[in-house]
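Student: have a look; sequence and predicted model below, questions after that.
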Amino acid sequence: MARSLLVCPGCHRLVHAEALHELASGAEKAKEGGDISAALGLWRRALELLPPGSRQHSLVAERAAALSREVDQAGGHRLDSGPPPGSRWARWLAPLGAAGLVGWKLKFLAMLVVTKGKLLLLGLVKVPTLFSALASFGVYWAAWGWKFALGLVASMYVHEMGHVFALSRYGIRATAPMFIPGVGAFVRMEQYPTSPGEDARVGLAGPRWGLYATIAAYLASLAAGGGAWTAIARAAAWLNLLNLLPLGPLDGGRGFRALTRGQRWALAAVLAAAWWVTHEVLLAVLAIAAAARAAFGEGAARPDGGVLAQFVILVAALSAFCAILGTGLS
């Protein structure tokens, strides 16, 4: 039989039944062990081996959707809450009250820095990523000098690793970042999000990490008294704001798919207000594009407050940096 066949044309049995059993068993064990992302990734692999429209495909898709919601909920209870109720940390820190909660958050922040730091370093050991980054660095060095070139490539890399981190949380396979000299960088997904909400959160993860890079460059500019760090922070803020343009495959376009028509109008109003305050021309372009999609595009069936909140926070923060630093493009 052809490898592409998922069902035997003669007996109508699943061709990959044994592999599906192993994936299901592994997913259940990962779920029991608390590794939701690994379980979700295994169920996604199982979906690829099941014929679309079949009962088995629907059941696995429901399990994957349920785990995806758990990932969203886990992501929403990181810094704004304490340890999970009933956990060992909760039992130890509960008697300490506010001091215990602060200790928990400091512990989590330290773990977050270590985890994301490891992820950033892991991406650099990929030969295609390293070589393409060096090629881009050379192009930007020739145009603007090595300091700005290094900071620009680093901010792009952090942005793309934000996508990689979000994809890994949802169990979606993807390549390491690849740079295109003079154009930018991208991450190629080997699987695709199964819902607009997943796609939106993966898309907005890039600008969110890009905001972190902007903040780091801005703090460095304050410490160093300006110079190249200011230019790097300025470029990072503007480029990440540009990525929020709600069109096509851009991060903003992916985020917009999860918003209802009413939420799209609300975001268009936020963008217009940000333009009125900052006079940044790019915000006017974003506001017009958002209004056009709100008026003529088909909105999501259900509102997604989490995606809208992320969008608004990113617009507000990046707009503020553009206003503080000045982009030279207003």
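Tutor: Here it is on my side, so go on.

Student: so for stretch 183-192, mean pLDDT?
Tutor: What stretch 183-192 shows for mean pLDDT is 87.

Student: repeat for stretch 201-216
Tutor: If you average the pLDDT over stretch 201-216, you get 95.

Student: who touches that stretch?
Tutor: Residues outside stretch 201-216 that contact it (CB atoms under 8 Å, 6 or more residues apart in numbering) are 72, 75, 154-155, 158-163, 165-167, 170, 172, 193, 233, 236-237, 239-241, 243-244, 250-255, 306-307, 310-311, 314, 317-318, 321. For the C-beta atoms, the positions are set from N, CA and C on the backbone; glycine is no exception.

Student: return the set of buried residues in it.
Tutor: Buried residues in stretch 201-216, defined by neighbour count with 16 or more other CB atoms under 10 Å: 201-214, 216.

Student: that older thread, from the contacts of stretch 201-216, which would you call buried?
Tutor: Neighbour-count burial (16+ other CB under 10 Å) applied to the contacts of stretch 201-216 gives 72, 154-155, 158-163, 165-167, 170, 172, 193, 233, 236-237, 239-241, 243-244, 250-255, 306-307, 310-311, 314, 317-318, 321.

Student: picking up where we left off before, show me the buried residues of stretch 201-216 that map onto helices.
Tutor: Those of these mapping onto helices are 201-214, 216, per DSSP state H.

Student: which of those residues sits closest to residue 13?
Tutor: The closest of those to residue 13 turns out to be residue 202 (CB to CB; 34.9 Å).

Student: now that closest one. Nearest residue, chain neighbours left out?
Tutor: Counting by CB to CB, 6 or more residues apart in numbering, residue 166 is the residue found nearest to residue 202 once chain neighbours are left out, at 4.5 Å.

Student: which helix or strand contains the one you found?
Tutor: If you go by DSSP states H and E, residue 166 is part of helix 146-169.

Student: now that helix: average pLDDT?
Tutor: pLDDT averaged over helix 146-169 gives 93.

Student: cool, and stretch 32-52?
Tutor: Stretch 32-52 carries an average pLDDT of 86.

Student: so which bits of it are buried?
Tutor: Buried residues in stretch 32-52, counted by 16+ other CB under 10 Å: 36-47, 49-50.

Student: okay, and the helix or strand of this structure with the least pLDDT?
Tutor: helix 88-93 (a mean of 44; mean pLDDT, DSSP states H and E).

Student: what residues sit buried inside stretch 15-29?
Tutor: The neighbour-count criterion (16+ other CB under 10 Å) identifies 15-16, 20, 23, 26-27 as the buried residues of stretch 15-29.

Student: make TSV out of those residues and add secondary structure, pLDDT and distance to residue 181.
Tutor: TSV is the format used below for these (DSSP: H, G, I helix; E, B strand; the rest coil; pLDDT from 0 to 100; distance: CB to CB, whole Å):
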residue	secondary structure	pLDDT	distance to residue 181
15	coil	70	44
16	coil	75	41
20	helix	84	43
23	helix	86	40
26	helix	90	40
27	helix	86	41
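
Student: ok, so of those residues, who is nearest residue 64?
Tutor: Nearest to residue 64 out of those is residue 27 (CB to CB; 9.2 Å).

Student: what sits closest to the closest one if chain neighbours are left out?
Tutor: Closest to residue 27 by CB to CB, 6+ apart is residue 42, at 3.9 Å.

Student: can you tell me the SS state at the one you found?
Tutor: Look at residue 42: counting by DSSP: H, G, I helix; E, B strand; the rest coil, its state is helix.

Student: got a list of what it touches?
Tutor: Residue 42 makes contact with 23-24, 26-27, 30, 171 under the criterion CB under 8 Å, 6+ apart.

Student: try 7 Å this time
Tutor: Each residue near residue 42 by CB atoms under 7 Å, 6 or more residues apart in numbering is listed here: 23, 26-27, 30.

Student: ok, so of these, who is nearest residue 262?
Tutor: Residue 262 lies nearest to residue 27 out of the contacts of residue 42, by CB to CB, at 36.8 Å.

Student: which SSE is the residue nearest to residue 290 when sequence neighbours are not counted in?
Tutor: Distances taken as CB to CB, 6+ apart put residue 268 closest to residue 290, at 3.8 Å, once the chain neighbours are dropped. Assigned by DSSP H and E, residue 268 belongs to helix 261-278.

Student: what about residue 5, neighbour count?
Tutor: By the measure other CB atoms under 10 Å, the count of residues near residue 5 is 11.

Student: mind giving me the domain split of this structure?
Tutor: Using automatic domain parsing, the domain parsing of the chain gives 17-75, 80-116, 126-325.

Student: pick the most deeply packed of those.
Tutor: Most buried of those, by mean neighbour count (mean count of other CB atoms under 10 Å): domain 126-325, with a mean of 19.

Student: end-to-end on that domain?
Tutor: Using CA to CA, to the nearest Å, one end of domain 126-325 lies 34 Å from the other.

Student: off-centre distance for it?
Tutor: 9 Å (CA atoms, centre = their mean, to the nearest Å).
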